[in-house]
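> fold the stuff below for me.
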Amino acid sequence: MCGIVGYFGKQDAVPILMNGLKRLEYRGYDSAGIAVLNSGESHSIKKSGKVSELKKLVDDSPLKGTIGIGHTRWATHGAPTDINSHPHWDQTGKIAIIHNGIIENYSVLKSVLENKGYTFKSETDTEVLVQLISDIYYADGLDFSQAVQVALNQVIGAYGIVTFCSDDPDKLVAARLGSPLVMGIGENEYFIASDASPIVDHTRNVIYLDEGEMVTISNDGHEIRSISDNTIINKTATEIEFSIEEIEKGEFPHFMLKEIHEQSKTIIDTLRGRLLIDEGTAFLGGVRDYIDRIQNANRIYITACGTSWHAGLMGKYLLEEFAGIPVHVEYASEFRYRTPIIDSQTVIIAISQSGETADTLSAIRMAKEHGALTVGICNVVGSTIARETDCGIYTHAGPEIGVASTKAFTAQVTILYLLALYFGRRNGMSQSEGTKLAQALWNLDTQIEKIMGNTDEIESIAWETMHTENFLYLGRGMNFPVALEGALKLKEISYIHAEGYPAAEMKHGPIALIDEKMPVVFLAPHDRTFDKVFSNIQEVKARKGIIITVTDKRTKDLIKISDYIIDVPSTHPRIFPILASIQLQLLAYHLAVLRGCDVDRPRNLAKSVTVE
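Numbers count the residues shown, from 1 in each chain. Next up is the predicted model:
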């Protein structure tokens, strides 16, 4: 979950590393540091806090070097202090390392090293790894990259690392197992990073390291080998598809607000080339060779974490309603630790924005071991989930920098609409019905722009409720996962405690919390659930709760009973959940801004969860 950046070339590495860390700060921001190597001399600066705190120290220092590594941390082992910040050094002060992941057997390794006389300054598992590399390098007479490889074969856990040694000064070594790394190839220079965002300024040619691979970069070029058996691996570079503009805020004060606005484009980009409006169906090239196996599966699981799990739950409603396909939705973190029924007649649909989510990857691997077909839905081309699943569909949300997912979520849901539409047409949905849904999906850009053009009511609600410490979100049917997602967004960025519930379940516990200080957000589209939802609104009103109604039609009764109404453009009844989700993203955003929260980098969170 930490951000890694490295440089090998002729330029001064320091500004490249600092710019890269700023681009990667969404992956972790407890502390940051850099280390550089120049003519055999190595130096580092590191600091707890955000990258801006490190920059102050770097700007006041003479630090320079043509080889360097940088790291922004999301703490696992050890508190976010200066000492626990990366890079970490071995006992000789000659080997520096940065690390994303967890070394699970660090305690055993540390005891062995302590018995040999090694002392440790930090609480981290990373320092254990660099001391292990040092012990092997200086005792066994290996070259530096060989020592790194031997050390990694003694490690249990997950890692993405970059390391250098001042006694082997023309070499940079990087390796991955469970944590992503990408290498950019420039003109006589190389870049290493957790993702492509720090690289795109310098080159568009990249190689994604696969699981269990390490690369040694030297003046002679680069060499990729298998960590386990030392086999040389030849890989061809691919081209970064996104632009620099996509990872800049532009005129917006926050990435999150920019990404909320971008949904009018990203949803259409996800539909383009796939939605066949006149035929009332979809074309899904990424899974076309597996369509019959998916449709004929004995069971389908959707597995994901966090926001992606909410998208999966919406997918369950869609696939069951339109296609008549029964679907189980599982948290990936729970799925892999129980004994689900999986065999060759099982399909696993795994959803992840980054394509690197550790729990989701583990669920995929477990499913493949049992012979299941695995289908990936992810946003990042070349990601591990994209490579390891049997087939899949990319969302086209573009880079998402804000930690709280917005456009990636609606793009995932859009893919699930396409799947439901396609299988629905195969399973009895009429062309007329399919065309109506397809046209409504294609019109989403206009509807979203209408929402973005009038946020006065949302901002007014935020002003009135900004000091509230609890929210309740209620919805029925497909709007239940919308309620869950709305509550999650509020928790993530405003630090207001919020819960999402099926509206009818409110009477089975949460109603005890309702008083005149409790805002309750109701998702109340005029569909077959409306009358029941309205009854739930009356129950909350009787207990003096603050009613915030999200609806596609203002009726006299709703106006009378509601304290606030958030309008959703009237459209196809099954499109309401997407538009309502966007309104709830805006509500969370404005509340967070008014409360003075760091919207793009909420405390304790990170964007790409690559550890369990």
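> which stretches of the stretch 351-500 of the chain form helices?
358-369, 384-388, 407-426, 431-442, 444-452, 456-465, 479-494 (DSSP state H, counting those that start in this stretch).
> now the third one: average pLDDT?
Yep, that's helix 407-426 we're talking about. For helix 407-426, mean pLDDT rounds to 96.
> and the fourth one, by the same measure?
Helix 431-442 shows a mean pLDDT of 96.
> what's in contact with it?
267-268, 271, 275-282, 322, 414, 417, 421, 424-425, 571-572, 574-575 (CB atoms under 8 Å, 6 or more residues apart in numbering). (Glycine included, C-beta is placed from N, CA and C.)
> are any of the residues you listed buried, and which?
267-268, 271, 275-277, 280-282, 322, 414, 417, 421, 424-425, 571, 574-575 (16 or more other CB atoms under 10 Å).
> now residue 436: how far from residue 259?
To residue 259, residue 436 is 29 Å away according to CB to CB, to the nearest Å.
> give me the pLDDT value at the closest residue to residue 532 other than its chain neighbours.
Of all residues not flanking residue 532 in the chain, residue 476 sits nearest, at 6.3 Å (CB to CB, 6 or more residues apart in numbering). Note on residue 476: pLDDT of 95.
> what is the neighbour count of residue 476?
22 (other CB atoms under 10 Å).
> identify the residues contacting it.
502, 503, 504, 523, 529, 532, 533 are the contacts of residue 476 under CB under 8 Å, 6+ apart.
> adding distance to residue 298, write the helices of the stretch 351-500 of the chain out as CSV.
CSV is the format used below for those (distance: least, CB to CB, whole Å):
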stretch, distance to residue 298
helix 358-369, 14
helix 384-388, 23
helix 407-426, 16
helix 431-442, 26
helix 444-452, 34
helix 456-465, 45
helix 479-494, 25
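> minimum distance to residue 544: which of the ones you listed has it?
helix 456-465 (14.9 Å; CB to CB).
> and the average pLDDT for the closest one is what?
Helix 456-465 shows a mean pLDDT of 95.
> which strands and helices sit next to it?
Contacts defined by 3 or more CB pairs under 8 Å, 6 or more residues apart in numbering; DSSP states H and E place helix 456-465 against strand 564-567, helix 576-594.
> now the phi/psi pair for residue 552, please.
Main-chain torsions, residue 552, degrees, to the nearest 10: phi -100, psi 0.
> I'd say it and residue 572 touch.
No: in this structure residue 552 lies outside contact range of residue 572 using CB atoms under 8 Å: 10.2 Å.
> picking that back up, which one's more surrounded, residue 436 and residue 259?
For residue 436 versus residue 259, neighbours defined as other CB under 10 Å are more numerous around residue 259 (28 against 15).
> which SS state does that one fall under?
When classified by DSSP: H, G, I helix; E, B strand; the rest coil, residue 259 comes out as helix.
> residue contacts, it?
When contacts are counted by CB under 8 Å, 6+ apart, residue 259 touches 400, 401, 402, 406, 407.
> 10 Å instead?
Residue 259 is in contact with 249, 252, 266, 397-402, 404-410, 585, 589, 600, counting by CB atoms under 10 Å, 6 or more residues apart in numbering.
> give me the residue ranges of the chain where confidence is low.
For the chain, the stretches flagged by pLDDT under 70 are 1, 77, 243-245, 606-612.
> redo that, cut-off 80
1, 26-29, 74-78, 80, 140, 241-249, 382, 605-612 (pLDDT under 80).
> now residue 15: how far from residue 360?
35 Å.
> do the same with residue 559
Counting by CB to CB, the separation of residue 559 from residue 360 is 43 Å.
> so which of these two has more stuff around it?
In this view residue 559 and residue 360 are compared by other CB under 10 Å, and residue 360 has more residues nearby, 30 against 10.
> for that one, which non-adjacent residue is closest in space?
Per CB to CB, 6+ apart, closest to residue 360 is residue 332, 4.2 Å.
> can you give me every residue that contacts that neighbour?
301-306, 308-309, 312, 348, 350-352, 357-364, 366, 612.
> tell me, how many residues neighbour the closest residue to residue 353 other than its chain neighbours?
Leaving aside its chain neighbours, residue 353 sits nearest to residue 408 (4.1 Å; criterion: CB to CB, 6+ apart). Other residues within reach of residue 408, judged by other CB under 10 Å, total 28.
> Three-state assignment for residue 6, please.
Quick answer, by three-state DSSP: residue 6 is strand.
> how about it, nearest residue that isn't a chain neighbour?
residue 192 (3.6 Å).
> was I right about that neighbour contacting residue 208?
No: contact criterion CB atoms under 10 Å: residue 192 and residue 208 do not qualify, at 11.4 Å.
> in terms of neighbours, single out the busier of those two.
Between residue 192 and residue 208, residue 192 has the larger neighbour count (other CB under 10 Å), namely 28 against 22.
> so how far is residue 295 from the more buried one?
Per CB to CB, residue 192 is found 43 Å from residue 295.
> and if you look at residue 549?
39 Å.
> repeat for residue 447
31 Å.
> also residue 259?
On the measure of CB to CB, residue 259 and residue 295 end up 34 Å apart.
> can you pick the most crowded of the contacts of residue 476?
residue 523 (30 neighbours).
> might one say that it is in contact with residue 487?
No: using CB under 10 Å, residue 523 is not in contact with residue 487; the gap is 11.4 Å.
> got the buried residues for stretch 324-341?
Neighbour-count burial for stretch 324-341, counted by 16+ other CB under 10 Å, picks out 325, 327, 329, 330, 331, 332, 333, 335, 336, 340.
> so what's the second one closest to, chain neighbours aside?
With CB to CB, 6+ apart as the measure, residue 316 is the residue that lies nearest to residue 327, at 4.3 Å, once sequence neighbours are left out.
> the one you found looks like it's in a strand, true?
No: under three-state DSSP, residue 316 falls outside any strand and is assigned helix.
> okay, and residue 339 sits in which element?
Here residue 339 sits in a region with no helix or strand, counting by DSSP states H and E.
> give the contact list for it.
Contact analysis of residue 339 by CB under 10 Å, 6+ apart lists nothing.
> which SS state does residue 176 fall under?
Recorded secondary structure, residue 176: strand (three-state DSSP).
> thinking it is in contact with residue 226, fair?
No: the pair residue 176 / residue 226 is not scored as a contact, 11.8 Å apart, by CB under 10 Å.
> of the buried residues of stretch 324-341, just say which sits nearest to residue 491.
Taking these together and measuring to residue 491 by CB to CB, the closest member is residue 331, at 16.7 Å.
> okay, and residue 560 sits in which element?
Here residue 560 is assigned to helix 556-561, by DSSP H and E.
> need phi/psi at the nearest residue to residue 185 once chain neighbours are set aside.
Leaving aside its chain neighbours, residue 185 sits nearest to residue 205 (4.7 Å; criterion: CB to CB, 6+ apart). Dihedral pair for residue 205: phi -90, psi 120, per degrees, to the nearest 10.
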